[in-house]
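Novice: Turn this into a model:
(2 chains)
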There are 2 protein chains.
Amino acid sequence: MRVALLGGTGNLGKGLALRLATLGHEIVVGSRREEKAEAKAAEYRRIAGDASITGMKNEDAAEACDIAVLTIPWEHAIDTARDLKNILREKIVVSPLVPVSRGAKGFTYSSERSAAEIVAEVLESEKVVSALHTIPAARFANLDEKFDWDVPVCGDDDESKKVVMSLISEIDGLRPLDAGPLSNSRLVESLTPLILNIMRFNGMGELGIKFL
Amino acid sequence: MRVALLGGTGNLGKGLALRLATLGHEIVVGSRREEKAEAKAAEYRRIAGDASITGMKNEDAAEACDIAVLTIPWEHAIDTARDLKNILREKIVVSPLVPVSRGAKGFTYSSERSAAEIVAEVLESEKVVSALHTIPAARFANLDEKFDWDVPVCGDDDESKKVVMSLISEIDGLRPLDAGPLSNSRLVESLTPLILNIMRFNGMGELGIKFL
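Specialist: Below you'll find the predicted structure:
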């Protein structure tokens, strides 16, 4: 599949680019700045070897893909979705977004409604799938890292959810789990501030999650 | 330690009674009806063998203990806490309570504030510790079951939290993890409806959680 990683210049984008490209998928790294996207794509190609990874402006990356992943900081994500609305409403859009704030007492979930529901509303699309919130990004971006993590997935369009779950299941060590419709996304997104608190209060490094 | 399991006649109470009693702790099973508490205690003694497990009315069980666990359905928990306020405010109180509703689209978290914060407010106590929400109760009550689960724990009083985490860590296969102050409890309690959704939408049985 052609997968666009919008704003995919961070660790989650890097991990997805490297791991999906080596599985044979065509990866488009998107950024607000074309040169940055191209530089990152070149960096990822050097690591992944013979793989299809190209860099484009976010708008062009969104046009070029079947699935777009919003690997964008929460603060900018809704503006980006709004700007690209006419393109993204036709695509499967994956939201790993989490509204999270850091306070004196720990990390909190900082939105009344889930990020994924807000994205779906802005795009006026049913093809928004909430997933990948709890992937420890730095570990995921390191191809030497071995892991066994679960990925809860929410979505209202069954076909879109199925496509995204299938894509996730191709990555060795990831198990997608259906967490129901998009209205359940807050429960999934809330895992991220919980994990950040556990890391902070126990002095632990990045952690993923497993249900067993 | 003397541990009271208030309303401890269900599977979570059974698992805690059996597993803590065989570690040498004195267990008091509480119920609204003394005869029911005594019958359950006798049943647990038959399984656990030579162990200190007695049954009492909730009020007497609360008096007799160092730590009280609210193994009570959410609908009755706050009334029970209010009734026993003068006793429980002097004790360490463990809240495994989760406000959860079942709807057409799945399970939802059904309170604005966390159960543990409401209990602390009702008791006017700082010694409330939020823990044990994600223990798969039927599996936990079966002594043949082997597991490896994490138990996120929240609390405002460091000493109370330390005592509860230490008690949990004595049980083979449970790892307590500090999730910060009680204000973070909603993030921990939200795990329960999430897990119930994952069980439902993937046709899976009871699941615990592990951070790795």
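Novice: Enumerate the residues of chain A near chain B.
Specialist: By Cβ under 8 Å from any Cβ of the partner chain, the residues of chain A that approach chain B are A:105-109, A:147-149, A:152, A:177-181, A:183-184, A:186-188, A:190-191, A:193-195, A:197-198, A:200-202, A:204, A:207-212. For glycine as for every other residue, the C-beta is placed from the backbone atoms N, C-alpha and C.
Novice: now the helices: where do they sit in chain A?
Specialist: For chain A, applying DSSP state H gives helices covering A:11-21, A:34-48, A:58-64, A:74-83, A:85-88, A:115-123, A:137-141, A:158-170, A:185-189, A:191-202.
Novice: out of these, deepest packed?
Specialist: Of all the helices of chain A, helix A:185-189 has the most neighbours on average by mean count of other Cβ atoms under 10 Å in any protein chain shown, namely a mean of 28.
Novice: could I get that one in CSV with only the CA atoms?
Specialist: Taking C-alpha atoms only, helix A:185-189 is exported to CSV below (Å, rounded to 0.1, in the frame of the first residue of the first chain):
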residue,chain,number,x,y,z
SER,A,185,-11.1,6.3,21.3
ARG,A,186,-10.7,8.3,24.5
LEU,A,187,-10.2,5.1,26.4
VAL,A,188,-7.3,4.1,24.1
GLU,A,189,-5.8,7.6,23.9
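Novice: just checking, what packs against it?
Specialist: Packed against helix A:185-189 by the contact rule (3 or more Cβ pairs under 8 Å, 6 or more residues apart in numbering or on different chains; DSSP states H and E) you find helix A:115-123, strand A:128-130, strand A:149-155, helix B:191-202.
Novice: Name the strands paired with the shortest one and say parallel or antiparallel.
Specialist: Pairing partners of strand A:128-130, with direction, according to DSSP bridges: strand A:92-95 (parallel), strand A:149-155 (antiparallel).
Novice: Against A:Ser114, how distant is the nearest residue to A:Arg82 once chain neighbours are set aside?
Specialist: Counting by Cβ to Cβ, 6 or more residues apart in numbering or on different chains, A:Arg82 lies nearest to A:Val122, which is 5.4 Å off, once chain neighbours are set aside. A:Val122 sits 13 Å away from A:Ser114, going by Cβ to Cβ, to the nearest Å.
Novice: With A:Asp158 instead?
Specialist: 19 Å.
Novice: Kindly report the same for A:Glu35.
Specialist: The value you get for A:Glu35 to A:Ser114, if Cβ to Cβ is used, is 34 Å.
Novice: ok, now A:Val163?
Specialist: Distance, A:Val163 to A:Ser114, using Cβ to Cβ: 21 Å.
Novice: quick one on the thing from earlier: any idea which of the strands paired with strand A:128-130 is most buried?
Specialist: Most buried among the strands paired with strand A:128-130, counting by mean count of other Cβ under 10 Å: strand A:92-95, with a mean of 28.
Novice: Let me see the contact set for A:Ile87.
Specialist: Residues in contact with A:Ile87 (Cβ atoms under 8 Å, 6 or more residues apart in numbering or on different chains) are A:Glu59, A:Ala62, A:Glu63.
Novice: tell me which of those residues is nearest to chain B?
Specialist: The closest of the contacts of A:Ile87 to chain B turns out to be A:Ala62 (Cβ to the nearest Cβ; 29.1 Å).
Novice: Surely A:Pro193 is in contact with A:Ser111?
Specialist: No: counting by Cβ atoms under 8 Å, A:Pro193 sits too far from A:Ser111 to count as a contact (11.0 Å).
Novice: Please list all residues in contact with the residue nearest the centre of chain A.
Specialist: Centroid-nearest residue in chain A: A:Pro96, 4.0 Å away (criterion: Cα atoms, centre = their mean). Residues near A:Pro96 by Cβ under 8 Å, 6+ apart: A:Leu12, A:Val69, A:Leu70, A:Thr71, A:Ser130, A:Ala131, A:Leu132, A:His133, A:Ile135.
Novice: A:Glu34 too?
Specialist: Shown in contact with A:Glu34 (Cβ under 8 Å, 6+ apart): A:Gly55, A:Met56, A:Lys57.
Novice: got a winner among those for most neighbours?
Specialist: Ranked by neighbour count (other Cβ atoms under 10 Å in any protein chain shown), those have A:Gly55 at the top, with 28 neighbours.
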